[in-house]
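1. What follows is a predicted protein model with its sequence.
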Amino acid sequence: MNKLSRQDILTIGFALFAMFFGAGNLIFPPQLGVLSGDKWWIGFLFYFLADLGLGIAAFFAMAKLNGKTELVADPLGRVPSIAMLTAIIVCIGPGLAIPRTAATTYEMGVVPLLGLESSTGSLAIMSVVFFALVLAFTIRPSKVLDIVGKFLTPLLMIALAILIIKGFITGGDIPAPAVEYVAREGIANGYQTLDMMASIFFAVLIINTAKEKGYSSQKSITSISIYAAFVAAALLFVVYGGLSYLGATAGNVWRDGIMSGEISPAALLSLITERILGSYGTMVLALVVSTACLTTAVGLVSASAEYFEELLGGKLSYKKLVVIMCVVSACICNLGLVQIISISAPILTLLYPVTILMIITVFVRDRITSVMPYRITAVVTMIFSIIDVAGRSFGVQACADFTAKLPLSSYGFGWFPPSIALFAILAFVAKGRNNEIKE
């Protein structure tokens with residue numbers, strides 16, 4: 001089948017929206033709205049570009065590579081490529097991101113809704129229930145996107161619509177911005193979502209699903225993947241914009257608490273929801289958070305299992321790997337949300353720049369065929385990342401001072417100008433060499 005089905009596009013697009021829209025995407029926009037004030041729409045637009053702009057770039061790159069993840073970092077060599085991709089999938093999968101979805105559901109959904117005191121015992125029980133649901137939804141790979149797109153996403157969208165529409169009706173005075181550079185704040189927040197990493201593996205899930213639905217030609221598979229990505233992007237555009245506006249209208253009330261750190265982004269969302277919906281706010285927020293986290297976990301578990309099944313040459317089946325992912329994630333979840341976030345931040349920050357570099361360079365590999373520019377630039381980029389993590393996460397002042405001097409460092413892109421300049425120079429030097437990159 002090569003004729004595109006509108007129903008398939010919408011189902012896959014809705015599923016992709018839900019998989020992207022995790023707790024991080026839920027709490028960043030309201031905080032950005034508070035800080036951006038009456039220029040919230042500027043902050044939101046730059047947030048969207050830094051988040052989904054990179055995500056869509058990854059989708060285009062994966063479509064160009066026909067969904068073959070092993071080719072993303074192919075110029076680095078087989079061993080470095082496998083090591084990089086495995087590190088990414090562990091971080092966005094069972095090692096960090098999947099357990100974080102369950103821990104977030106517990107802290108922002110279960111505890112407020114049931115009026116519980118946060119405890120190790122109740123977290124353990126919730127983690128078992130949460131991952132039992134994830135297991136039930138992901139055990140059949142061909143049904144993952146259908147379940148998410150047809151059932152879970154509508155539930156999430158209804159809950160979000162109630163919150164956002166009521167928030168627009170309620171309104172509120174919007175103050176001037178609390179930060180000098182609203183665009184910079186938007187880019188910095190969008191960059192920190194790290195959605196490009198997930199895009200690599202979500203794209204594979206979509207491409208495989210398209211094949212299972214009967215799309216056989218490369219053109220039809222690429223087309224339905226890209227259309228689905230734009231459906232997801234359009235939905236996220238509306239939701240991010242709505243949540244940013246809600247934050248802006250709450251600026252006069254909670255800005256001081258946000259600026260001082262007394263109010264966390266998660267707490268801000270709870271306060272906004274309660275302000276808009278009153279006593280029903282806790283229930284709606286619990287529904288939004290739990291559904292958002294569940295859909296993201298379903299997508300990540302499925303993508304992780306498919307990656308490891310291929311990496312291991314089928315020695316472990318998809319179903320066995322899904323069970324392993326859920327068990328490992330449930331165990332790590334019990335470390336608690338704060339501990340998981342503190343562990344994940346430096347690791348993801350270390351990997352993200354090299355990942356962006358590899359995705360961007362996919363589009364020039366037809367013309368720059370020597371591996372030399374890719375390998376040297378990747379090493380230099382990793383060095384910049386190590387310096388950044390040392391300064392940002394471990395308080396090494398010399399590293400922090402060095403990073404601060406780099407152009408675009410305040411946006412989180414300090415590594416970008418020197419790395420791209422180096423790549424361009426090396427590409428010119430290597431011009432005319434024989435093709436060394438696998439097609």
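-> Received, thanks. Residues are numbered from 1 along each chain as shown.
2. Show me the strands in this protein, by range?
-> In the chain, no strands are defined using DSSP state E.
3. pLDDT weak spots in the stretch 201-350 of the chain?
-> Within the stretch 201-350 of the chain, no stretch has pLDDT under 70.
4. how close does residue 417 get to residue 234?
-> If you measure residue 417 against residue 234 using CB to CB, to the nearest Å, the figure is 31 Å. To be clear about C-beta, it is placed using only N, CA and C from the backbone, and glycine gets the same treatment.
5. residue contacts, residue 134?
-> By CB atoms under 8 Å, 6 or more residues apart in numbering, the contact set of residue 134 is 294, 297-298, 301, 326, 329.
6. now do residue 81
-> Going by CB under 8 Å, 6+ apart, residue 81 touches 70, 72-74.
7. out of those, which are buried?
-> Neighbour counting by 16 or more other CB atoms under 10 Å classes 72-74 among the contacts of residue 81 as buried.
8. okay, those residues in JSON lines with distance to residue 164 and pLDDT next?
-> Formatted as JSON lines, the buried ones among the contacts of residue 81 follow (distance: CB to CB, whole Å; pLDDT from 0 to 100):
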{"residue": "72", "distance to residue 164": "35", "pLDDT": "91"}
{"residue": "73", "distance to residue 164": "39", "pLDDT": "91"}
{"residue": "74", "distance to residue 164": "42", "pLDDT": "91"}
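9. quick one: which of those residues is nearest to residue 107?
-> Distance to residue 107 across the buried ones among the contacts of residue 81 (CB to CB) is lowest for residue 72, with 33.3 Å.
10. out of everything not next to it in sequence, what's closest to the closest one?
-> residue 358 (5.5 Å; CB to CB, 6 or more residues apart in numbering).
11. Quick check, that neighbour in contact with residue 378.
-> Yes: assessed by CB atoms under 8 Å, residue 358 is found in contact with residue 378 at 7.3 Å.
12. Please say which of these two ends up with more neighbours.
-> residue 358 (25 against 22; other CB atoms under 10 Å).
13. what sits against the more buried one?
-> Shown in contact with residue 358 (CB under 8 Å, 6+ apart): 72-73, 75-76, 84, 374, 378.
14. Kindly reformat the contacts of residue 134 as CSV containing distance to residue 369.
-> CSV is the format used below for the contacts of residue 134 (distance: CB to CB, whole Å):
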residue, distance to residue 369
294, 44
297, 40
298, 39
301, 37
326, 42
329, 40
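15. give me the number of residues near the nearest residue to residue 400 once chain neighbours are set aside?
-> Leaving aside its chain neighbours, residue 400 sits nearest to residue 391 (3.2 Å; criterion: CB to CB, 6+ apart). Neighbourhood size, residue 391 [other CB under 10 Å]: 19.
16. Return the subset of the contacts of residue 358 lying in helices.
-> 84, 374, 378 (DSSP state H).
17. show me what contacts residue 286?
-> Contacts of residue 286 were listed using CB under 8 Å, 6+ apart, and they are 108-110, 112-113.
18. one more time with 10 Å, if that's ok
-> The contact partners of residue 286, by CB atoms under 10 Å, 6 or more residues apart in numbering, come to 105, 108-114, 159, 270, 273.
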